[in-house]
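Asks: return a 3D structure for these sequence lines:
(2 chains)
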Amino acid sequence: MSIEPFDLNGRDRRNGAKLAVEHLSKSFGSGTSAVQALAPLDLSVRTGDFLCVVGPSGCGKTTLLNIVGGFERPTSGRALIDDRPITKPGRERGVVFQQGALFNWMSVVENVAFGPRSCGVPAEKARQHARELLEMVGLAGFAHRYPYELSGGMQQRVGIARALANDPEILLMDEPFAALDQQTRELLQEEIRGIWRRTGKTILWITHSIEEALFLATHIVVMTARPGRVKAAFRSRFSESPDPLIAATPEFTAAKRQIVELLRSESQRAQSLEATV
Amino acid sequence: MAQSKALEQPIEALDETTLELRAGRRDRWLTSLTFLVLFSIWVALTGSGLWEPLIKPIFLPSPVAVFEAFQNLLEGGYQGRSLGYHVGISFYRFATAFSFCILVGVPLGLLLGMSRPIRAVIEPPIEAIRPVPKLALLPLFLIWFGIGNLSKIVVIAAPVFPIIVISAMQAVRSVSQKKIQAAQALGAGTLTVFRRVVLPASLPGIFTGIRVSLSIGVTMLVGAELTATSEGIAWMALTAAEYLSTDIVLVGVLIMAIMGYTLDRIVRALEARLVHWSGKD
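Replies: Purely as a prediction, here's the structure:
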């Protein structure tokens, strides 16, 4: 078991891609003070892929997700979902944020029911569906609590349940576990893998954690420092393993080293970039 | 003593909640002690009929004298009107001004927070008049709005209104972008985002604006009753001062203080009930 280099933009992937990103670039500001966050970038994600994007901080990972989410417009190029250009947020793309995106004025069950209700499902039916999802993420007993009463890990479970409530075709995850402690993170990683296997959702996952990417992803994209481009792409098989301790195997460590080496030079470049800004 | 008692109890009994309750009880006790000490100093300095006053009653009457003045006012009223009438008319001016500011100012602030063009039109004039001392405009208000209640209400509303508008606007603008994006990604349209996300997320900020402006409103009440009226609790204190009836002045001051304090408590209680998520992000 290992990771192997992989052409993300091969013709066979392009055709019928669930999500395609074509020559996408983004700059902030204008004139001499303009900062280019994303260099022209190409990606394609097929139905059922679990694609992790790893890169040094400030490489534009979140910008990429914001454009795919429809929250930001690209400077050039385009992002397509089922060959339709993305122009605004949509219910077929569920988003899970790092943290702080839950609605503190609503109980947990109302948070999860928010999506269906916003899409016209009657309140009681939406709540019933929300309760089922809460059960799935292990929060059945917390339906009537408020998000701020829950731990960070539980809040992220609510965030995942809320994103799943609309039954989206693709899940966009922006470092959802970055703020959690190691044990909670590993537990949730296993759970999200289980959810992915059961539901067969397409997932675009942004992270700075190489282990997380290796543990979860079917495809890993390594990005360069700003402006973010694709540095390398890999097909990974570790996520297929039933072994929850896969991360302790030598193959896993070797794969990790391979990506660490790719990223190290980029991280150094990112730091020198920050120093000059 | 209390410590040895605590030591006798099993460790489980001293959980967080119990400790917090104890600390709370101690804090309340200390607070009442502060007031007790302040009151004792007042009693001691003024003699209160027990000994020769250290401060002449004309400067600071004793608590007993103030209480007697209060009783006399209750029975005989002040300048032909009952004490209740004076309090009532002041409260009427204050409450009308405040209700207007909340009913018009909050929606206007929300609108300003939501729309850039509207903000560009309305915010600069509000910001421009904000630093103008509103009491300086009192003569102008008297000319424009007459010597009746309207000019008093306008004077009270003048500084309160911009505070409430601006705080509601800021509250909207500081709503976390992530929460709005989350709602949009879940399929919520503009109206739903406003009603179920922006509005509740802004409520804590709106309440802060209301609480801050409460004390300013009470202060402006005094300014409003400075002139061109012969009724109201602040007017009573102001005219009593001209005759050096310090006891009546103190009754008026204390009533206004209690009014301000009570209103603050009411708003705080409402806030705790309505916006339980305040500061929980």
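Asks: who in chain B is up against chain A?
Replies: Selection of chain B residues close to chain A by CB under 8 Å from any CB of the partner chain yields B:176, B:178-179, B:181-189, B:192, B:196-197, B:200-201, B:203, B:275-277, B:280-281. Yep, even glycine has a C-beta here, placed from its N, CA and C like the rest.
Asks: switch the cut-off to 6 Å
Replies: B:178-179, B:181-182, B:184-188, B:192, B:200, B:277, B:280 (CB under 6 Å from any CB of the partner chain).
Asks: contacts only, for B:F100.
Replies: B:A157 (CB atoms under 6 Å, 6 or more residues apart in numbering or on different chains).
Asks: quick one: mean pLDDT for whichever helix or strand it is part of?
Replies: Using DSSP states H and E, B:F100 maps to helix B:83-114. The average pLDDT within helix B:83-114 is 94.
Asks: can you list the buried residues in that helix?
Replies: The neighbour-count check on helix B:83-114 (16 or more other CB atoms under 10 Å in any protein chain shown) flags B:83, B:86-87, B:89-90, B:93-94, B:96-98, B:100-102, B:105-106, B:108-114 as buried.
Asks: before we move on, back to that, any chance of JSON lines for the residues of chain B next to chain A, columns neighbour count, pLDDT and secondary structure?
Replies: Below are the residues of chain B next to chain A laid out as JSON lines (neighbours: other CB atoms under 10 Å in any protein chain shown; pLDDT from 0 to 100; DSSP: H, G, I helix; E, B strand; the rest coil):
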{"residue": "B:K178", "neighbour count": "17", "pLDDT": "92", "secondary structure": "helix"}
{"residue": "B:K179", "neighbour count": "21", "pLDDT": "94", "secondary structure": "helix"}
{"residue": "B:Q181", "neighbour count": "20", "pLDDT": "93", "secondary structure": "helix"}
{"residue": "B:A182", "neighbour count": "29", "pLDDT": "94", "secondary structure": "helix"}
{"residue": "B:Q184", "neighbour count": "23", "pLDDT": "94", "secondary structure": "helix"}
{"residue": "B:A185", "neighbour count": "28", "pLDDT": "93", "secondary structure": "helix"}
{"residue": "B:L186", "neighbour count": "28", "pLDDT": "94", "secondary structure": "coil"}
{"residue": "B:G187", "neighbour count": "22", "pLDDT": "92", "secondary structure": "coil"}
{"residue": "B:A188", "neighbour count": "23", "pLDDT": "92", "secondary structure": "coil"}
{"residue": "B:T192", "neighbour count": "18", "pLDDT": "94", "secondary structure": "helix"}
{"residue": "B:P200", "neighbour count": "18", "pLDDT": "95", "secondary structure": "helix"}
{"residue": "B:W277", "neighbour count": "18", "pLDDT": "89", "secondary structure": "coil"}
{"residue": "B:K280", "neighbour count": "13", "pLDDT": "79", "secondary structure": "coil"}
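Asks: let me see the ranges of the helices in the chain.
Replies: Went with chain A since none was named. Remark: helices assigned in chain A by DSSP state H are A:11-14, A:61-69, A:108-118, A:123-136, A:152-164, A:182-199, A:210-216, A:250-276.
Asks: other chain: chain B
Replies: Remark: helices assigned in chain B by DSSP H are B:2-8, B:16-46, B:63-76, B:83-114, B:116-129, B:138-145, B:149-173, B:177-185, B:190-193, B:199-224, B:233-242, B:246-274.
Asks: do you know the pLDDT at the nearest residue to B:M259 once chain neighbours are set aside?
Replies: Of all residues not flanking B:M259 in the chain, B:V218 sits nearest, at 6.5 Å (CB to CB, 6 or more residues apart in numbering or on different chains). Note on B:V218: pLDDT of 89.
Asks: next: B:W144.
Replies: 94.
Asks: again with A:I259
Replies: 88.
Asks: what's the closest non-adjacent residue to it?
Replies: Once flanking residues are discounted, A:I259 sits nearest to A:I210: 5.0 Å by CB to CB, 6+ apart.
Asks: any idea which residue sits dead centre in chain B?
Replies: Central residue of chain B (CA atoms, centre = their mean): B:L214, 3.0 Å from the mean position.
Asks: spatially nearest residue to A:D42 (excluding sequence neighbours)?
Replies: Using CB to CB, 6+ apart and skipping the chain neighbours, the partner closest in space to A:D42 is A:N9 (5.0 Å).
Asks: distance of that neighbour from A:H219?
Replies: 12 Å (CB to CB, to the nearest Å).
Asks: the residue nearest to B:L244 when sequence neighbours are not counted: neighbour count?
Replies: Closest residue to B:L244 apart from its sequence neighbours, by CB to CB, 6+ apart: B:I58 at 5.6 Å. As a burial measure, B:I58 scores 10 neighbours (other CB atoms under 10 Å in any protein chain shown).
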